[in-house]
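Engineer: any chance you could fold what I've pasted below:
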Amino acid sequence: MNKKIQIIAEVKTQSPFGWKSDKNWDELFQVANKIGDIISIHTDSRWGGSFDLLKKARALTNKPILAKGVHDNDSLIQQSIDAGADWVLVVGRIPSVHIKKCLIEPLTIKELQTIPDNIRVVWNSRNLSDGGLKKETFEEARAIFKGWLCQASNIKTIDDVNDGASAVLVGTHLLEFTESLSGR
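Structural biologist: Numbers count the residues shown, from 1 in each chain. Below is the predicted model of the structure:
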């Protein structure tokens with residue numbers, strides 16, 4: 001793993017695709033706060049998140065926080081910032097507010113092609129409609145997008161991190177990923 005890659009450590013207790021962590025939110029937060037350059041806190045209840053948990057995280061760390069959720073309207077972006085987020089993930093659209101504080105997650109390569117290189121982008125290998133893998137890979141996304149690009153989902157160890165990534169967002173496999181860091 002390229003040492004310049006930022007680690008965005010996600011506190012995720014569940015997913016809408018059937019996954020549930022053996023650890024509680026507090027235990028996962030401790031791990032994320034230890035290894036993350038940025039701490040990702042879900043605002044969406046489908047992933048075990050809430051704006052109250054975002055506020056709780058802000059009180060527990062001085063590290064930058066990413067509010068992770070779909071945030072399908074601009075008022076949710078403002079609510080995230082008001083709750084203590086430094087960054088806000090926005091899925092499938094470019095918002096009209098706080099664009100410099102947003103990480104945009106396009107749903108398709110076609111959407112990615114419309115995003116200017118000066119906007120931070122997250123390429124999620126997971127298809128959010130069904131939880132399966134997207135057909136397009138991180139390598140294909142990197143070939144198209146020359147700006148700051150975060151690799152997300154299906155990252156179990158540091159061996160899964162693409163050297164072309166500016167950052168990596170690790171959630172489901174946070175504990176396994178953390179163990180792999182200590183091996184290097």
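
Engineer: all strands of this structure, in order?
Structural biologist: 6-11, 38-42, 65-68, 87-91, 102-105, 120-124, 149-152, 167-170 (DSSP state E).

Engineer: quick check: angle from the fourth one to strand 120-124?
Structural biologist: Okay, so that is strand 87-91. Calculated by axes from the mean of the first three to the mean of the last three Cα atoms, to 10 degrees, strand 87-91 forms an angle of 50 degrees with strand 120-124.

Engineer: swap in the longest one?
Structural biologist: Here the directions of strand 6-11 and strand 120-124 differ by 60 degrees (the same axes, to 10 degrees).

Engineer: list the buried residues in strand 6-11.
Structural biologist: For strand 6-11, the buried set under the neighbour-count rule, 16 or more other Cβ atoms under 10 Å, comprises Ile7, Ile8, Ala9, Glu10, Val11. In short, each C-beta sits where N, CA and C put it, glycine included.

Engineer: so where's this structure uncertain?
Structural biologist: Applying pLDDT under 70 to the chain flags residues 1-3, 183-184.

Engineer: any chance of CSV for the strands of the chain, columns distance to Gln79?
Structural biologist: What follows is the strands of the chain, written out as CSV (distance: least, Cβ to Cβ, whole Å):
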stretch, distance to Gln79
strand 6-11, 18
strand 38-42, 13
strand 65-68, 9
strand 87-91, 9
strand 102-105, 13
strand 120-124, 20
strand 149-152, 22
strand 167-170, 21
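
Engineer: just those strands: most buried one?
Structural biologist: Per-stretch averages of neighbours, counted by mean count of other Cβ atoms under 10 Å, single out strand 65-68 among those, with a mean of 28.

Engineer: mind listing what that strand pairs with, with the direction of each?
Structural biologist: In the sheet, strand 65-68 lines up against strand 38-42 (parallel), strand 87-91 (parallel) (DSSP bridges).

Engineer: CA atoms only for that strand, dumped as PDB, please.
Structural biologist: Extracted in PDB, the C-alpha atoms of strand 65-68 (Å, rounded to 0.1, in the frame of the first residue of the first chain):
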ATOM      1  CA  ILE A  65     -15.200  13.300  10.100                       C
ATOM      2  CA  LEU A  66     -16.900  12.100   6.900                       C
ATOM      3  CA  ALA A  67     -20.700  12.000   7.200                       C
ATOM      4  CA  LYS A  68     -21.400   8.900   5.200                       C
END
